[in-house]
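Engineer: how does the following fold in three dimensions:
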Amino acid sequence: MKNVHLIAACGVGMASLAGMLKEKGFRVTGSDANVYPPMSTQLSALGIVLRSPYAAENIPGDTDLVVVGNAVSRDNPEVAETARRGLPVLSMPQAVADLFLEGKEPVVVAGTHGKTTVTSILSWSLFALGADPSFLVGGVPRNFPVSYRVGGGPHFVIEGDEYDTAYFDKGPKFLHYRPRIALLTSIEFDHADIYRDLSHLKESFRKLVRSVPRDGLLIASADYPDVVEVAQEAGCPVWYYGVEPGRAAISGDPAWRVTLLSEEGEFSRFHMVRGEETHDFRLRLPGRHNAGNAAAAALALFRLGYEANRVAEAFAGFQGVRRRLEEVGEAGGVLVVDDFAHHPTAVRETIRAIRARHPGRTVTAVFEPRSNTSRRKIFQKEFAEALAGADSVILAGVFGAEKFSPDDRLDPEGVVASIKAEGRKALYIEEVDRIVEHLSSTSRPGDLILIMSNGGFGGIQGKLVQALSAIHRGHS
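Structural biologist: Residues are numbered from 1 along each chain as shown. Model prediction:
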């Protein structure tokens, strides 16, 4: 098998798989409904030709295997052509498992929040420690040019997504990854288009926990009661950690207590304590939630035999993840920061972290409801409470609002009214260009604008920096 065709190749996971296949000597072709950056740019740089739109003739005549992304439906013309020709078909997670995990020790990072950051910290640390790891991340670690690596070492670190796998496999992706070590960072309701309720979601995580072998390890956050409940079903040892107060012991096993000590310039300092054992670390990422993320990674590294002082050296060199509290630019004393937050908990912790890192700045939070959960009314109250942590808030229009009935759809104006009732400034501005116009004309030196969306948000990040720069040049 030498020639592989990917349907929906511009997804983060699929584009990463394409690069991994190319490195392993496969000829790779791909297609997507729309060819779009950043992954189209990554694929182009790898010499992988993309075709758009979907069409039967996109699949080369000598294709040996077709891999389909989870955005692909059964009535896709390339799916029909694949069936007509009797070509073997795999989902993205199946292809990763079959072609890359054999002979490796998978370390799978799962959870509602933090999995991209934990996977990135762990991947970088193993690389810095000389372990030559393979990894697959649902984002781009700033220490690496791309979101994947095919290494010669024994470990494969992979972000375990709870989202469904393919049109022919509605189970979560992480069930294909056969973890030797599993990390479970958090469980809260999300992916309302896939899961009926929290109980339905928890069942997927239960299956993951049960899949860890008896001689493996589960690393679990004690800050989430649902994680603790699910972790009790593990047949392997469980190591708990927590950044919330009062999580002293779980089922008689003392948890690691994680404490954020201070923010010092570009670094935050935190320590981990269990009984008489204490370890101190520095991390470029702000906030107590990132201290917890790093602690989870540290525990995996301890299990793999690395001493705490060496882990600390690796952590200090970690540069972060693109679109996770990423400073996009500063113009006229106004700093623009971009983040992927799209769940109320993530929004709350992101605002809290940015305030801790930049205590002297006035924070304006700009939020686009874009994920399948945030576009619904499920977290109407919770989003208002989370966003009220900023000094002022701008809520953008609900992405693809026409797909939801008014009764089911998030009400941005209602969220804004709730934030105003808490004494904060808040506006509903539907269109990106109008948001940019408003912010560029009203922002003052010392302000910080925090952009939050799990999508492109109409390129608002670059447009805003450009507009602020133009105004600054005009005033200087």
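Engineer: rest of the way, CA atoms for contacts and neighbours
Structural biologist: Fine.
Engineer: surely Val465 touches Val336?
Structural biologist: Yes. With contact defined as CA atoms under 8 Å, Val465 counts as touching Val336 (7.0 Å).
Engineer: and those two? which has more neighbours close in?
Structural biologist: When Val465 is set against Val336 and neighbours are counted by other CA atoms under 10 Å, the residue ahead is Val336, at 24 against 20.
Engineer: which strand residues bridge the more buried one?
Structural biologist: Beta bridges link Val336 to Gly329, Ile449, judged by DSSP bridges.
Engineer: for it, what are its contacts?
Structural biologist: 327-330, 448-451, 461, 464-465 (CA atoms under 8 Å, 6 or more residues apart in numbering).
Engineer: roughly how far does it sit from Phe318?
Structural biologist: 21 Å (CA to CA, to the nearest Å).
Engineer: returning to that earlier point: now list whatever residues contact both of Val465 and Val336.
Structural biologist: Joint contacts of Val465 and Val336 (CA under 8 Å, 6+ apart) are 328-330.
Engineer: just name the closest of those to Tyr428, please.
Structural biologist: For the shared contacts of Val465 and Val336, the minimum distance to Tyr428 (CA to CA) is 23.2 Å, reached by Val328.
Engineer: I figured that closest one hits Ile460, correct?
Structural biologist: No. Taking CA under 8 Å as the definition, Val328 is not a contact partner of Ile460, at 10.8 Å.
Engineer: quick check: Glu277 vs Trp256, distance?
Structural biologist: For Glu277, the distance to Trp256 - CA to CA - is 9 Å.
Engineer: the two - which one has more neighbours?
Structural biologist: Neighbour count, other CA under 10 Å: between Glu277 and Trp256, Trp256 has more, with 26 against 8.
Engineer: ok, that one touching Val273?
Structural biologist: Yes. Using CA under 8 Å, Trp256 is in contact with Val273, at 5.5 Å.
Engineer: where are the low-confidence patches of the stretch 151-300 of the chain?
Structural biologist: The stretch 151-300 of the chain contains residues with pLDDT under 70 at 245-253.
Engineer: and the helices in it?
Structural biologist: 198-210, 225-231, 288-303 (DSSP state H, counting those that start in this stretch).
Engineer: so of the ones you listed, which one's packed in deepest?
Structural biologist: Comparing the helices of the stretch 151-300 of the chain by mean neighbour count (mean count of other CA atoms under 10 Å), helix 288-303 comes out on top with a mean of 23.
Engineer: how far off centre is that one?
Structural biologist: The chain centre lies 16 Å from the centre of helix 288-303; the measure is CA atoms, centre = their mean, to the nearest Å.
Engineer: other SSEs contacting that helix?
Structural biologist: Packing partners of helix 288-303 (3 or more CA pairs under 8 Å, 6 or more residues apart in numbering; DSSP states H and E): helix 115-128, strand 217-221, strand 238-242, strand 256-264, helix 308-316.
Engineer: closest to Gln94 out of these?
Structural biologist: Nearest of these (CA to CA): helix 115-128, 19.4 Å.
Engineer: what about stretch 332-343, average pLDDT?
Structural biologist: Throughout stretch 332-343, pLDDT has a mean value of 91.
Engineer: what's the answer for stretch 303-319, then?
Structural biologist: 96.
Engineer: what are the contacting residues of that stretch?
Structural biologist: By CA under 8 Å, 6+ apart, the residues outside stretch 303-319 that reach it are 121, 124-125, 128-129, 141-143, 279-284, 294, 298, 301-302.
Engineer: buried sites along that stretch?
Structural biologist: Across stretch 303-319, burial judged by 16 or more other CA atoms under 10 Å covers 308, 311-319.
Engineer: these: which two are farthest apart?
Structural biologist: The most distant members of the buried residues of stretch 303-319, if one measures by CA to CA, are Ala308 and Gln319, lying 19.1 Å apart.
Engineer: how about low-confidence regions in the stretch 1-150 of the chain?
Structural biologist: Ranges of the stretch 1-150 of the chain meeting pLDDT under 70: 1, 36-38.
Engineer: any idea how far apart the tips of stretch 166-180 sit?
Structural biologist: 24 Å.
Engineer: want to throw the shared contacts of Val465 and Val336 into a markdown table with distance to Pro77 and neighbour count?
Structural biologist: Below are these laid out as a markdown table (distance: CA to CA, whole Å; neighbours: other CA atoms under 10 Å):
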| residue | distance to Pro77 | neighbour count |
| --- | --- | --- |
| Val328 | 39 | 18 |
| Gly329 | 42 | 18 |
| Glu330 | 46 | 19 |
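Engineer: of those residues, closest to Asp411?
Structural biologist: Val328 (28.9 Å).
Engineer: quick one: Ile460 and Phe404, what's the gap?
Structural biologist: On the measure of CA to CA, Ile460 and Phe404 end up 24 Å apart.
Engineer: ok, now Asp197?
Structural biologist: Asp197 is 18 Å from Phe404, by CA to CA.
Engineer: leaving out chain neighbours, which residue sits closest to Ala390?
Structural biologist: By the measure of CA to CA, 6 or more residues apart in numbering, the closest residue to Ala390 outside its immediate chain neighbours is Val363, 5.5 Å from it.
Engineer: sorry, that was for Asp280
Structural biologist: With CA to CA, 6+ apart, the residue lying closest to Asp280 is His271, at 4.3 Å.
Engineer: adding distance to Gly25, write the buried residues of stretch 303-319 out as JSON lines.
Structural biologist: Shown next, in JSON lines, are the buried residues of stretch 303-319 (distance: CA to CA, whole Å):
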{"residue": "Ala308", "distance to Gly25": "38"}
{"residue": "Val311", "distance to Gly25": "34"}
{"residue": "Ala312", "distance to Gly25": "36"}
{"residue": "Glu313", "distance to Gly25": "35"}
{"residue": "Ala314", "distance to Gly25": "31"}
{"residue": "Phe315", "distance to Gly25": "33"}
{"residue": "Ala316", "distance to Gly25": "35"}
{"residue": "Gly317", "distance to Gly25": "32"}
{"residue": "Phe318", "distance to Gly25": "30"}
{"residue": "Gln319", "distance to Gly25": "30"}
